[in-house]
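Engineer: Structure for this input, please:
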Amino acid sequence: MAKIIHSMIRVLDVERSKSFYEDVFNIKEKRYLDFDDFALVYLGNDENDVEIELTLNKGQTEPYTHGNGYGHIAMCVDDLEAEHDRIQSLGYEPQDIVSFSPGGELLAKFFFIKDPDGYEIEVLQRHGAYR
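Structural biologist: Below is the predicted model:
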């Protein structure tokens, strides 16, 4: 049986990215591995054991392109509206909250926000399959 352990994204400024993920999602540095040409920072929290790996390629100055293959990372929260308001109060710019209710049944309520490197993150209300 396979187990998901992390998802990796490339960043230009590790400190800026660490601050964003800690401020917005309360996921913090668990490990920092520093090598000559790159550094790896693993972020997580006590609520789960899946991590986000931030990869810093030293010397990279141009923003990374996301192409048309990257989708998003998803997080779920207990109170979507409160989190949306809190994130806005920190000076970040979450998109509007959307309710997805095909056929009149609520499947998901969510908003998106971009991290400092432009990666999309979906924030969902804990509901149904999203727990």
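
Engineer: longest helix in this structure, by residue count?
Structural biologist: If you go by DSSP state H, the chain has its longest helix at helix 14-25.

Engineer: what about dumping the CA coordinates of the first helix or strand past that one going along the chain to CSV?
Structural biologist: Scanning forward in sequence from helix 14-25 by DSSP states H and E, the next helix or strand is strand 28-34. Extracted C-alpha coordinates of strand 28-34, given in CSV (Å, rounded to 0.1, in the frame of the first residue of the first chain):
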residue,chain,number,x,y,z
LYS,A,28,5.9,25.1,9.9
GLU,A,29,9.4,24.0,9.1
LYS,A,30,10.0,20.4,10.3
ARG,A,31,13.4,19.8,8.5
TYR,A,32,15.9,22.0,6.6
LEU,A,33,18.5,20.3,4.4
ASP,A,34,21.1,22.6,3.0
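
Engineer: Mind listing the strands the next helix or strand after strand 28-34 pairs with, and their directions?
Structural biologist: Counting by DSSP H and E, the next helix or strand C-terminal to strand 28-34 is strand 38-44. Using DSSP bridges, the strands paired with strand 38-44 are strand 28-34 (antiparallel), strand 51-57 (antiparallel).

Engineer: got the angle between the last one and helix 14-25?
Structural biologist: In other words, strand 51-57. Going by axes from the mean of the first three to the mean of the last three C-alpha atoms, to 10 degrees, strand 51-57 is angled at 160 degrees with respect to helix 14-25.
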